[in-house]
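> All I have is the shape, not the residue letters:
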């Protein structure tokens, strides 16, 4: 549940803190956020499957952000929208992890209801 707590803290901080992003970095922020969300959803999924490892989560979180930002930078230098590869991969993984999280939560809810009935 550490990733979920981190996500909630990040959202609250984002709502109350005014952060000015330089215009030269504006193309990097959405890709980095998508990469970070992919890691958070992966962490929540791992926690629900009792496989969460904080070292894997932290390294994946920062690794994904660095990789996505690096692809965006490379694309900017080559004048090719390589960032779309990161958007496609992280976006599809995000939706896949969300579907698995949803299924796991529904299964746990059903199991809880079934155990109460017995």
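Great, that's in hand. All of these numbers come straight from a predicted model, not from anything done at the bench. Numbering: from 1, shown residues only.
> how far away is residue 24 from residue 66?
Going from residue 24 to residue 66 by CB to CB, to the nearest Å gives 18 Å. No exception for glycine: its C-beta is placed from N, CA and C like everyone else's.
> Please enumerate the helices of the chain.
Counting by DSSP state H, the chain has helices at residues 2-16, 28-48, 54-78, 83-117.
> one step back: which of residue 24 and residue 66 has more neighbours?
Each of residue 24 and residue 66 has its neighbours counted (other CB atoms under 10 Å); residue 66 has more, 12 against 8.
> how close does that one get to residue 73?
From residue 66 to residue 73 the distance is 10 Å (CB to CB).
> Contacts only, for the residue minimising distance to the centre of the chain.
Nearest to the geometric centre of the chain sits residue 37, at 1.7 Å (CA atoms, centre = their mean). For residue 37, the contacting residues are 7, 90, 94, by CB atoms under 8 Å, 6 or more residues apart in numbering.
> I'd say residue 74 and residue 82 touch.
Yes - between residue 74 and residue 82 there is a contact under CB atoms under 8 Å: 5.6 Å.
> Looking at those two, which is more packed in?
The residue with more neighbours, out of residue 74 and residue 82, is residue 82; 15 against 12, by other CB under 10 Å.
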